[in-house]
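Enquirer: Attaching a predicted model along with its sequence, questions to come.
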Amino acid sequence: MQTKGKLIVISGPSGAGKSTIVFKAIEGRKDMCFSTSVTSRCPRPGEVDGREYFFIDRERFRQMIENDELLEHAEYVGNYYGTPRKFVEDKLADGVSVFLDIEVQGACQVGEKMPEAIKIFVIPPSLEELRRRLVNRGTDSPESIENRLRRAREEYAEADFYDYIVVNDKIEVAAAELQAILTAEQCRYAVRSHWLKEV
Ligand code: ADP
Ligand code: 5GP
């Protein structure tokens, strides 16, 4: 019997290092993948349509909501973001675990629809360090950085429904913590109990 993949929700302030540590944790693994979201935000320099995001206009975004093509969606700092449903459902059915890098409102929607999803909140060691990373990343205007910092403070206050917190101070340590969570989830009684029937 094909075991279903796991849905893993990663949230945390923009610039906390979510994509950095997820890519490090799943490097070379064929049983895990990242979902590519749709967004109405404009591409940043270097971003490629279909890689970081599918960049679509607001009208197409509204159509996707109406056609129930999105598993979840939310507005974040003036732009829309959403997770295409079909990709996620197909991968899970194929036994591949799927990472969603989504903000708190979307994570809450996923948690309600799919309570078995693993929800992880990634934070930087401080908001000052977050500002430094956003400035160093060089992809956001000063105004956008201030909006993201403001939203980070709001998200911290809304984050009480997550299962785990990873503090991304050193990348290697944070990626190892993420891997440890995935390993622990794999050892859950509910996942492993079929072994008890086989002995
Ligand atoms: P997110 O996906 O959460 O928006 P990114 O993965 O794009 O964040 O990381 C934001 C920036 O911070 C990138 O320039 C990345 O290289 C850098 N970064 C990520 N983790 C660390 C870390 N532990 N220490 C220093 N810089 C980091
Ligand atoms: P950024 O503009 O920095 O790429 O992303 C801004 C925020 O949108 C981040 O917190 C990111 O996690 C979130 N985000 C990205 N894709 C989605 C999505 O499909 N749904 C939701 N709800 N949030 C998303």
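Expert: That came in fine, so what should we check first? Ligands and ions are numbered 1, 2, ... in the order given.
Enquirer: how long is stretch 54-61 from one end to the other?
Expert: 11 Å (C-alpha to C-alpha, to the nearest Å).
Enquirer: which residue does the protein bring closest to ligand 2?
Expert: Across the chain, the shortest distance to ligand 2 (C-beta to the nearest ligand atom) belongs to residue 106, at 2.3 Å. Quick note: C-beta positions are derived from backbone N, CA and C, even for glycine.
Enquirer: any idea how far whichever strand or helix holds residue 25 is from the chain center?
Expert: If you go by DSSP states H and E, residue 25 is part of helix 18-26. Its chain's average C-alpha position is 10 Å from that of helix 18-26, according to C-alpha atoms, centre = their mean, to the nearest Å.
Enquirer: So which bits of the helix or strand just after that helix are buried?
Expert: Using DSSP H and E, the next helix or strand after helix 18-26 towards the C-terminus is strand 32-34. Buried residues in strand 32-34, defined by neighbour count with 16 or more other C-beta atoms under 10 Å: 32, 33.
Enquirer: List the neighbouring strands of the next helix or strand after strand 32-34 plus their orientation.
Expert: Later in the chain than strand 32-34, the nearest helix or strand by DSSP H and E is strand 37-39. Strand 37-39 has its sheet partners listed here by DSSP bridges as strand 53-55 (parallel), strand 79-84 (antiparallel).
Enquirer: ok, back up a step: so is the helix holding residue 25 next to ligand 1?
Expert: Yes: counting by C-beta under 6 Å from any ligand atom, ligand 1 is contacted by helix 18-26 at 18, 19, 20.
Enquirer: since we're on residue 153, how many residues are nearby?
Expert: 10 (other C-beta atoms under 10 Å).
Enquirer: oh, I was asking about residue 82
Expert: 22.
Enquirer: Who are the contact partners of it?
Expert: By C-beta atoms under 8 Å, 6 or more residues apart in numbering, the contact list for residue 82 reads 37, 38, 39, 61, 64, 65, 70, 71, 72, 73, 74, 106.
Enquirer: ok, back up a step: who wins for most neighbours among the residues of helix 18-26 next to ligand 1?
Expert: In terms of neighbours by other C-beta under 10 Å, the residues of helix 18-26 next to ligand 1 top out with residue 18 at 24 neighbours.
Enquirer: in the helix or strand of the chain with the lowest mean pLDDT, what's buried?
Expert: Of all the helices and strands that make up the chain, helix 194-198 has the lowest average by mean pLDDT, DSSP states H and E, namely a mean of 86. Residues of helix 194-198 classed as buried by neighbour count (16+ other C-beta under 10 Å): none.
Enquirer: now stretch 21-37
Expert: Quick answer for stretch 21-37 (16+ other C-beta under 10 Å): 21, 22, 24, 25, 26, 32, 33, 35, 36, 37.
Enquirer: who in the protein is up against ligand 1?
Expert: Neighbours of ligand 1 within the chain, by C-beta under 6 Å from any ligand atom: 12, 14-20, 133, 136-137, 168-171.
Enquirer: from the residues you listed, which would you call buried?
Expert: 12, 14, 15, 16, 17, 18, 20, 133, 168.
Enquirer: So the residue of the chain closest to ligand 2 sits against residue 75, correct?
Expert: No: under the criterion of C-beta atoms under 8 Å, residue 106 makes no contact with residue 75, lying 10.0 Å away.
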